[in-house]
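Student: This is the structure alone, sequence omitted:
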C-alpha cells in the first residue's frame, strides 16, 4: 500500500539521486579533462626541454631588467655557465667585448622603449684557446618584444644565429 509518507520520501529521494547522477557525470568529465591537460603539460615540458637542449641557435628570454629567464644549452656553453637569472649585458662584455655589449644593450633598450623588434649583424673574431687559430664569425642578432595577452611588454626574446 502506498501512503502519502512513502510518496513524499520517494519524491524527496528522486531529486537527490538525480543530482548525484549529474555530479558523477560531471566528475568523470573533469577527470578526463584533468588527464588530457596533464598529458598536454607533459608534452609541452618535453618540447621545451628539446628546444632548450637541442636548438642549434642561441635563444634567450629576458625579463624587463635584462635578466635571463630561459636560455638554450648553446647559450650556457657559450658563456661557460648557466645564464638563468644572470644579467645578459655584463656577461656579453666579459665573454666578448665592450663594443658588442654596448650594441646589445642599445638594441635591448630600444625594444624596451619602443616595443619594436631590432636586428643587427656583428662580425667578430674568436680564439677558443691559445692552441687554436683565431677565427672570424658573423652573428645575426634579433631582439623581439615579448608581450602578455593584454599587449603589455613583459620581456624580450633574443635569437642569435652564427652565419659563418
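Tutor: Sure thing, it's come through. All of these numbers come straight from a predicted model, not from anything done at the bench.
Student: going forward, measure contacts between C-alpha atoms and count neighbours the same way
Tutor: Will do.
Student: Could you tell me the average pLDDT over the biggest helix by length in the chain, please?
Tutor: Ranked by residue count under DSSP state H, the longest helix found in the chain is helix 4-54. Per-residue pLDDT over helix 4-54 has a mean of 87.
Student: packing partners for that helix?
Tutor: For helix 4-54, the contact count by 3 or more Cα pairs under 8 Å, 6 or more residues apart in numbering; DSSP states H and E identifies helix 73-79 as packing neighbours.
Student: what's in contact with the helix it packs on?
Tutor: 52-60, 82-83, 91, 95 (Cα atoms under 8 Å, 6 or more residues apart in numbering).
Student: Same question for stretch 52-71.
Tutor: Applying Cα under 8 Å, 6+ apart, the set of residues contacting stretch 52-71 is 72-75, 83-89, 108, 112, 154-162.
Student: now stretch 84-92
Tutor: Here stretch 84-92 has contacts from 65-71, 79, 98, 100-102, 104-105, using Cα under 8 Å, 6+ apart.
Student: Please report how far residue 77 lies from residue 56.
Tutor: As for residue 77, its distance to residue 56 is 12 Å (criterion: Cα to Cα, to the nearest Å).
Student: actually residue 75, not the one I typed
Tutor: For residue 75, the distance to residue 56 under the criterion Cα to Cα works out to 10 Å.
Student: swap in residue 145?
Tutor: Applying Cα to Cα, one obtains 22 Å for the distance of residue 145 from residue 56.
Student: the more surrounded of these two?
Tutor: Neighbour comparison, residue 145 and residue 56: the larger count goes to residue 145, with 22 against 15 (by other Cα atoms under 10 Å).
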